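Asks: sequence isn't available, so here's the structure alone:
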């Protein structure tokens, strides 16, 4: 599961102090991350067919933590593990791990493409929560784009029809949990991106380890190998996202996250033989268009602020 497109300056804030370099390089990093996350999601779906979803999430987070925490210690020492807002970091970590569990829970019941498309409602939820809890101002154009995005989600989910599956609510809940974490991220200032990644990995590992006595199924050798591969890809994907936002403005780079819808559909067909139907494709296109327009309006708003300040 990839981080949803961000439509504010939260990502550059996470990489505060780093110079903006090449937007093209940032876009390439982000597109590469969508490929990595899509492969990880396919592996996750395979594991979730035989192992409890919390255990699959635990394998992902334990591997992620095993990579990111030593890297942080090597990069900046124990000081880099200290946060100026540890409480908010924990809340953010809980939002992220909750999102992972619910998304993984949906995969045994939904095609990867459908779950991914529904999850991309998260930018809309982030915008709504930002108005409620951060006091941000959102104009009618972005609210209209949000409404259009929700229509896209309804087209994919199709409530009230024979194609509707109750499991479709799980990616929505996953997106909601992710949105809470993203809004909390905006209130964290002064922490480096690596500090936030280390907290996310640690909080997720601790919470999921506490759940393991109630959800444990002993994996076989193949499942262990797939779990390690999934966790490594998860870590690489998050690091590519960090690199992407070091090289460009979030409102410019974030919409390219929607490329993941293409990889999710392609890999879902190659591995599981499932193709998105016309309704899912139509809904995904509408969701992506909504996200692109929201990012465009955010960029316009940032430019207006810049000129007014000058």
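Replies: Yep, it's here. Please read all numbers here as calculations on a predicted model, not as lab measurements.

Asks: count of neighbours near residue 76?
Replies: Residue 76 sits with 15 neighbouring residues when counted by other CB atoms under 10 Å. Any C-beta I mention is one placed from the backbone N, CA and C, and that applies to glycine too.

Asks: then residue 42?
Replies: Residue 42 - counted by other CB under 10 Å - has 20 other residues nearby.

Asks: my guess is it meets residue 269, correct?
Replies: No: counting by CB atoms under 8 Å, residue 42 sits too far from residue 269 to count as a contact (10.6 Å).

Asks: and the next element down the chain from the helix or strand encompassing residue 184?
Replies: For residue 184, the element it lies in under DSSP states H and E is helix 169-186. Downstream of helix 169-186, the next assigned helix or strand under DSSP H and E is helix 193-215.

Asks: identify each buried residue in that following helix, please.
Replies: For helix 193-215, the neighbour count (16 or more other CB atoms under 10 Å) marks 193-205, 207-208, 211 as buried.

Asks: might you calculate how far whichever strand or helix holds residue 41 sits from the centre of the chain?
Replies: If you go by DSSP H and E, residue 41 is part of helix 23-48. Helix 23-48 sits 10 Å away from the centroid of its parent chain (CA atoms, centre = their mean, to the nearest Å).

Asks: same for the helix or strand following that helix, what does it pack against?
Replies: Next along the chain after helix 23-48, taking DSSP H and E as the criterion, comes helix 53-76. Counting contacts by 3 or more CB pairs under 8 Å, 6 or more residues apart in numbering; DSSP states H and E, helix 53-76 is packed against helix 23-48, helix 86-106, helix 193-215, helix 221-246.

Asks: so helix 53-76 versus helix 169-186, what angle?
Replies: Helix 53-76 and helix 169-186 are oriented at 20 degrees to each other (axes from the mean of the first three to the mean of the last three CA atoms, to 10 degrees).

Asks: pLDDT (mean, whole number) over helix 53-76?
Replies: What helix 53-76 shows for mean pLDDT is 89.

Asks: with stretch 151-171 instead?
Replies: 77.

Asks: swap in stretch 234-254?
Replies: On average, stretch 234-254 scores 75.

Asks: ok, stretch 137-144 next?
Replies: The average pLDDT within stretch 137-144 is 77.

Asks: and if you look at stretch 108-125?
Replies: If you average the pLDDT over stretch 108-125, you get 86.

Asks: hang on, residue 241 packs against residue 33?
Replies: Yes: judged on CB under 8 Å, residue 241 makes contact with residue 33 at a distance of 5.1 Å.

Asks: ok so, going back, looking at the buried residues of helix 193-215, which one is closest to residue 246?
Replies: residue 193 (8.2 Å; CB to CB).
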